[in-house]
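Engineer: sharing a model that was predicted from the sequence below.
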Amino acid sequence: APHVGAIAARLEDEDGDVRSAACFALGELGAHAAPHAGAIVARLEHENLGVRLAAYHAVGDLGAHAAPAVGVVAAQLKNENTYVRRAACVALGKLGPHAAPHAGAIVALLEDEDSGVREAACFALGKLGSYAAPHVGA
(Lines give C-alpha, C1' and ligand atoms only; values in the text may rest on other atoms or scores of the structure.)
Protein backbone atom coordinates (compact mmCIF):
# COMPACT_ATOMS: atom_id res chain seq x y z
CA ALA A 1 0.00 0.00 0.00
CA PRO A 2 1.99 2.95 -1.28
CA HIS A 3 -0.07 5.49 0.68
CA VAL A 4 0.83 4.09 4.11
CA GLY A 5 3.64 6.59 4.64
CA ALA A 6 1.38 9.50 3.77
CA ILE A 7 -1.23 8.28 6.26
CA ALA A 8 1.42 7.73 8.94
CA ALA A 9 2.57 11.32 8.47
CA ARG A 10 -0.95 12.41 9.54
CA LEU A 11 -0.23 10.99 13.01
CA GLU A 12 1.49 14.35 13.51
CA ASP A 13 -1.38 16.44 12.10
CA GLU A 14 -2.35 19.51 14.09
CA ASP A 15 -5.97 18.34 14.19
CA GLY A 16 -6.85 15.59 16.67
CA ASP A 17 -9.58 14.18 14.43
CA VAL A 18 -7.07 13.73 11.62
CA ARG A 19 -4.60 12.03 14.00
CA SER A 20 -7.41 9.70 15.13
CA ALA A 21 -8.38 8.94 11.54
CA ALA A 22 -4.75 8.14 10.73
CA CYS A 23 -4.63 5.66 13.64
CA PHE A 24 -7.82 3.95 12.50
CA ALA A 25 -6.63 3.80 8.88
CA LEU A 26 -3.25 2.35 9.80
CA GLY A 27 -4.94 -0.28 11.94
CA GLU A 28 -7.11 -1.26 8.99
CA LEU A 29 -4.01 -1.59 6.82
CA GLY A 30 -2.61 -4.25 9.16
CA ALA A 31 0.72 -5.69 8.06
CA HIS A 32 1.24 -2.85 5.61
CA ALA A 33 1.30 -0.45 8.56
CA ALA A 34 3.60 -2.61 10.70
CA PRO A 35 6.61 -0.29 10.19
CA HIS A 36 4.55 2.45 11.87
CA ALA A 37 3.46 0.39 14.89
CA GLY A 38 5.85 2.30 17.14
CA ALA A 39 4.35 5.63 16.13
CA ILE A 40 0.85 4.29 16.83
CA VAL A 41 1.93 2.89 20.20
CA ALA A 42 3.33 6.32 21.08
CA ARG A 43 -0.23 7.68 20.71
CA LEU A 44 -1.54 5.36 23.48
CA GLU A 45 -0.72 8.07 25.99
CA HIS A 46 -1.70 11.07 23.86
CA GLU A 47 -3.31 13.97 25.71
CA ASN A 48 -6.30 13.89 23.32
CA LEU A 49 -8.62 11.08 24.43
CA GLY A 50 -9.95 10.54 20.90
CA VAL A 51 -6.45 10.01 19.55
CA ARG A 52 -5.66 7.69 22.44
CA LEU A 53 -8.75 5.56 21.86
CA ALA A 54 -8.06 5.39 18.13
CA ALA A 55 -4.52 4.23 18.90
CA TYR A 56 -5.85 1.38 21.09
CA HIS A 57 -8.14 0.35 18.25
CA ALA A 58 -5.24 0.39 15.80
CA VAL A 59 -2.95 -1.59 18.12
CA GLY A 60 -5.62 -4.28 18.37
CA ASP A 61 -6.02 -4.33 14.61
CA LEU A 62 -2.26 -4.59 14.07
CA GLY A 63 -2.24 -7.76 16.19
CA ALA A 64 1.16 -9.45 16.30
CA HIS A 65 2.76 -6.41 14.67
CA ALA A 66 1.95 -4.46 17.85
CA ALA A 67 2.76 -7.27 20.29
CA PRO A 68 5.65 -5.33 21.87
CA ALA A 69 3.05 -2.85 23.15
CA VAL A 70 1.11 -5.44 25.15
CA GLY A 71 2.60 -4.29 28.46
CA VAL A 72 1.79 -0.65 27.77
CA VAL A 73 -1.79 -1.59 26.89
CA ALA A 74 -2.20 -3.89 29.89
CA ALA A 75 -1.03 -1.15 32.25
CA GLN A 76 -4.08 0.86 31.21
CA LEU A 77 -6.49 -1.77 32.53
CA LYS A 78 -6.28 0.20 35.78
CA ASN A 79 -6.74 3.61 34.18
CA GLU A 80 -9.31 5.81 35.93
CA ASN A 81 -11.00 6.56 32.58
CA THR A 82 -13.61 3.93 31.74
CA TYR A 83 -13.18 4.47 28.00
CA VAL A 84 -9.47 3.76 28.27
CA ARG A 85 -10.11 0.59 30.30
CA ARG A 86 -12.62 -0.56 27.67
CA ALA A 87 -10.26 0.18 24.79
CA ALA A 88 -7.38 -1.59 26.55
CA CYS A 89 -9.52 -4.71 27.07
CA VAL A 90 -10.59 -4.84 23.44
CA ALA A 91 -7.03 -4.26 22.18
CA LEU A 92 -5.68 -7.02 24.42
CA GLY A 93 -8.37 -9.39 23.20
CA LYS A 94 -7.34 -8.68 19.62
CA LEU A 95 -3.67 -9.21 20.50
CA GLY A 96 -4.57 -12.82 21.33
CA PRO A 97 -1.84 -15.05 22.72
CA HIS A 98 0.48 -12.06 23.20
CA ALA A 99 -1.94 -10.72 25.82
CA ALA A 100 -2.51 -14.03 27.60
CA PRO A 101 -0.20 -13.22 30.53
CA HIS A 102 -2.57 -10.35 31.37
CA ALA A 103 -5.71 -12.51 31.43
CA GLY A 104 -5.88 -12.34 35.22
CA ALA A 105 -6.04 -8.55 35.13
CA ILE A 106 -8.79 -8.76 32.51
CA VAL A 107 -10.74 -11.24 34.66
CA ALA A 108 -10.61 -8.70 37.51
CA LEU A 109 -12.41 -6.22 35.25
CA LEU A 110 -15.41 -8.55 35.08
CA GLU A 111 -16.24 -6.88 38.41
CA ASP A 112 -15.65 -3.30 37.19
CA GLU A 113 -18.17 -0.65 38.22
CA ASP A 114 -18.72 0.23 34.55
CA SER A 115 -20.86 -2.14 32.49
CA GLY A 116 -18.97 -1.21 29.32
CA VAL A 117 -15.70 -2.29 30.90
CA ARG A 118 -17.28 -5.56 32.05
CA GLU A 119 -18.55 -6.10 28.50
CA ALA A 120 -15.11 -5.38 27.02
CA ALA A 121 -13.53 -7.80 29.52
CA CYS A 122 -15.94 -10.52 28.36
CA PHE A 123 -15.00 -9.79 24.74
CA ALA A 124 -11.29 -9.91 25.52
CA LEU A 125 -11.46 -13.16 27.45
CA GLY A 126 -13.55 -14.71 24.70
CA LYS A 127 -10.94 -13.72 22.13
CA LEU A 128 -8.11 -15.02 24.32
CA GLY A 129 -9.90 -18.34 24.72
CA SER A 130 -7.67 -21.18 25.83
CA TYR A 131 -4.57 -18.93 25.73
CA ALA A 132 -5.86 -17.33 28.94
CA ALA A 133 -6.31 -20.59 30.87
CA PRO A 134 -2.74 -20.92 32.24
CA HIS A 135 -2.89 -17.33 33.52
CA VAL A 136 -6.26 -17.46 35.29
CA GLY A 137 -7.14 -19.39 38.42
CA ALA A 138 -9.87 -22.01 38.24
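Structural biologist: Perfect, I can see it now. In this text, all values refer to a predicted model and were calculated from it rather than measured experimentally.

Engineer: from here on, just use CA atoms for contacts and neighbour counts.
Structural biologist: OK.

Engineer: and the strand or helix carrying residue 53, how far out from the chain's middle?
Structural biologist: In this assignment (DSSP states H and E), residue 53 forms part of helix 49-62. Per C-alpha atoms, centre = their mean, to the nearest Å, the displacement of helix 49-62 from the mean C-alpha position of its chain is 5 Å.

Engineer: mind listing what's buried in it?
Structural biologist: Buried residues in helix 49-62, counting neighbours by 16 or more other C-alpha atoms under 10 Å, are found at 49, 51-62.

Engineer: now for the next helix-or-strand element following it, which elements pack on it?
Structural biologist: Past helix 49-62, heading to the C-terminal end, the next element that is a helix or strand (DSSP H and E) is helix 70-75. Contacts of helix 70-75 with other secondary structure elements, assessed using 3 or more C-alpha pairs under 8 Å, 6 or more residues apart in numbering; DSSP states H and E, are made with helix 82-95.

Engineer: per-residue confidence averaged over the helix it packs on?
Structural biologist: The pLDDT scores in helix 82-95 average 96.

Engineer: beyond that helix, next helix or strand please.
Structural biologist: Once the chain leaves helix 82-95, the next helix or strand it forms, by DSSP H and E, is helix 103-108.

Engineer: could I get the contacting residues of the residue lying closest to residue 34 once chain neighbours are set aside?
Structural biologist: Sequence neighbours aside, residue 65 is the residue nearest to residue 34 in space, at 5.6 Å (criterion: C-alpha to C-alpha, 6 or more residues apart in numbering). Contacts here follow C-alpha atoms under 8 Å, 6 or more residues apart in numbering; on that basis residue 65 touches 30, 31, 34, 37.

Engineer: please apply the same query to residue 33.
Structural biologist: Contacts for residue 33 were tallied using C-alpha under 8 Å, 6+ apart; they are 4, 26, 27, 62.

Engineer: and those residues, which of them are in helices?
Structural biologist: 4, 26, 27, 62 (DSSP state H).

Engineer: would you confirm that the last one contacts residue 25?
Structural biologist: No. With the criterion set as C-alpha atoms under 8 Å, residue 62 and residue 25 do not qualify as a contacting pair; they are 10.8 Å apart.

Engineer: okay if I get the buried residues of helix 49-62 as a markdown table plus pLDDT?
Structural biologist: Compiled in a markdown table, the buried residues of helix 49-62 are given as follows (pLDDT from 0 to 100):
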| residue | pLDDT |
| --- | --- |
| 49 | 96 |
| 51 | 96 |
| 52 | 96 |
| 53 | 97 |
| 54 | 97 |
| 55 | 97 |
| 56 | 97 |
| 57 | 96 |
| 58 | 96 |
| 59 | 96 |
| 60 | 95 |
| 61 | 95 |
| 62 | 94 |
